[in-house]
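Visitor: Quick one, what's the 3D model for this:
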Amino acid sequence: DETGAYLIDRDPTYFGPVLNYLRHGKLVINKDLAEEGVLEEAEFYNITSLIKLVKDKIKERDSKISQVPVKHVYRVLQCQEEELTQMVSTMSDGWKFEQLVSIGSSYNYGNEDQAEFLCVVSKELHNTPYGTTSEPSEKAK
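Guide: Numbers count the residues shown, from 1 in each chain. From the prediction side, this is the model:
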């Protein structure tokens, strides 16, 4: 304007950490603030030392998330021999076959015994960055 002031139309939420870095030389990001937003601002202002710090922080965060151990949920399903192929071939929603245990035959249809099995299946539950786990769909339940 006539006084020499410039208007920079940027998000003030993400500019706070940039301004504090320029004042103090330290990167401090509120835990509720996305690092990617701060990175966008650092790149907009072309502050290379801050860009490197934010990218390093993002890499550190992502490596912590990927190191979280995967949890498994197991189910044991009882089925007859004739149902086995269909049951295994129609598993969905991330369920996978683990083990088949024969438990003999307890039913007698006509002259034929039907073999029975316990089918063990499993599914991975991945932790999200906020500590909750993904819920299985209604189909999986």
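Visitor: which stretches of the protein form helices?
Guide: 12-24, 35-44, 48-66, 81-89 (DSSP state H).
Visitor: Next, the buried residues of the first one.
Guide: Buried residues in helix 12-24, counting neighbours by 16 or more other Cβ atoms under 10 Å, are found at 14-18, 21. Heads up, the C-betas are built off the backbone N, CA and C, glycines and all.
Visitor: nearest to Val121, of the helices of the chain?
Guide: helix 81-89 (8.5 Å; Cβ to Cβ).
Visitor: Residues contacting the closest one, please?
Guide: 77, 79, 97, 100, 114-117, 119 (Cβ atoms under 8 Å, 6 or more residues apart in numbering).
Visitor: Next, give me the two most distant ones among those.
Guide: Among the contacts of helix 81-89, Phe97 and Gln114 lie farthest apart (Cβ to Cβ), at 20.4 Å.
Visitor: okay, the buried residues of helix 12-24 in JSON lines with distance to Leu53 and pLDDT next?
Guide: Below are the buried residues of helix 12-24 laid out as JSON lines (distance: Cβ to Cβ, whole Å; pLDDT from 0 to 100):
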{"residue": "Tyr14", "distance to Leu53": "14", "pLDDT": "93"}
{"residue": "Phe15", "distance to Leu53": "16", "pLDDT": "91"}
{"residue": "Gly16", "distance to Leu53": "15", "pLDDT": "92"}
{"residue": "Pro17", "distance to Leu53": "10", "pLDDT": "94"}
{"residue": "Val18", "distance to Leu53": "11", "pLDDT": "94"}
{"residue": "Tyr21", "distance to Leu53": "8", "pLDDT": "95"}
